[in-house]
Structures are given as C-alpha cells and as structure tokens.
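Trainee: I would like to see how this sequence folds:
(chains A, B and C)
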Amino acid sequence: MKIGEFSHRSGISVRMLRYYEQEGLLQPNRRESGYRDYGEAEEQLVRRIRMLSTAGLKLDTIKQLLPCVLSDRPDFRL
DNA sequence: CTTCTTACA
DNA sequence: TGTAAGGA
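Mentor: Numbers count the residues shown, from 1 in each chain, chains lettered A, B, ... in the order given. The predicted structure follows:
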C-alpha cells in the first residue's frame, strides 16, 4: 500500500513515516514509481515502534534496541 | 490529487 | 512535526 493509506491505518503522519525511514527504523520497498510500498512487515514493526515511542523512548533509543524487539516473542539472548 | 525530496519555521 | 516549493 502507498504511504497515504499506511499513514491512516497506523495513525502515524506521513512526515514521521518518512522520518522513521530516514532514521533507519523502517525500510519500506520502493515501487518503480519511486513511491514507498508498505506491507505486513512495516505493519507489525510500526506497532512496536509506536509502543516504545509511547513508552517515552527516544527514536534513537528505539533504533538501538529494535534488534531485540523484532520478534513477536521478546528475544533476550543478548 | 498523491507522492517525492529538500529546506525552513 | 508541519508546511512550502518544484517536479513526476
């Protein structure tokens, strides 16, 4: 789906969606048109990013601990 | 009209 | 984070 619909369903502004990508938190595929293409992967990932963000964590911090929160089951094998 | 990027408030 | 500009 395009960024507009994804923004609506995720509740995150288009601005922030592009910013998240800029920060390396999201890597949506690009279409030949150059448009970002969002799917299931981004769907779940954004939910976790949103939770951590709501928890008061800075984007920078979220970026760092994303690897241990990527799975649906917390991965504490650090 | 929607999206893209860069840049400014 | 929002909005403006210029182009596709």
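Trainee: Pick out the residue closest to the middle of chain A.
Mentor: Centroid-nearest residue in chain A, with Cα atoms, centre = their mean: A:V46, separated by 3.6 Å.
Trainee: And it, how far from A:G39?
Mentor: Distance, A:V46 to A:G39, by Cβ to Cβ, to the nearest Å: 11 Å. In short, each C-beta sits where N, CA and C put it, glycine included.
Trainee: Using the three-state scheme, assign A:V46.
Mentor: Here A:V46 is helix, with the state taken from DSSP: H, G, I helix; E, B strand; the rest coil.
Trainee: What score does the closest residue to it other than its chain neighbours have for pLDDT?
Mentor: By the measure of Cβ to Cβ, 6 or more residues apart in numbering, the closest residue to A:V46 outside its immediate chain neighbours is A:S10, 5.0 Å from it. If you check A:S10, the pLDDT there is 96.
Trainee: State whether A:S10 and A:L17 are indeed in contact, as I suppose.
Mentor: Yes. In this structure, A:S10 is within contact of A:L17 by Cβ atoms under 8 Å, at 7.5 Å.
Trainee: what about these two, which has more around it?
Mentor: A:L17 (22 against 18; other Cβ atoms under 10 Å).
Trainee: Which element is encountered next along the chain beyond the helix or strand where the more buried one lies?
Mentor: Using DSSP states H and E, the element containing A:L17 is helix A:14-22. Using DSSP H and E, the helix or strand that directly follows helix A:14-22 along the chain is strand A:29-30.
Trainee: residues making contact with that next one?
Mentor: A:36-37, A:39 (Cβ atoms under 8 Å, 6 or more residues apart in numbering).
Trainee: pLDDT (mean, whole number) over stretch A:52-66?
Mentor: 91.
Trainee: and the end-to-end length of that stretch?
Mentor: The first residue of stretch A:52-66 is 9 Å away from its last residue (Cα to Cα, to the nearest Å).
Trainee: Now do that stretch: distance to the chain's middle.
Mentor: How far stretch A:52-66 lies from its chain's middle: 11 Å, per Cα atoms, centre = their mean, to the nearest Å.
Trainee: Alright, I will stop here.
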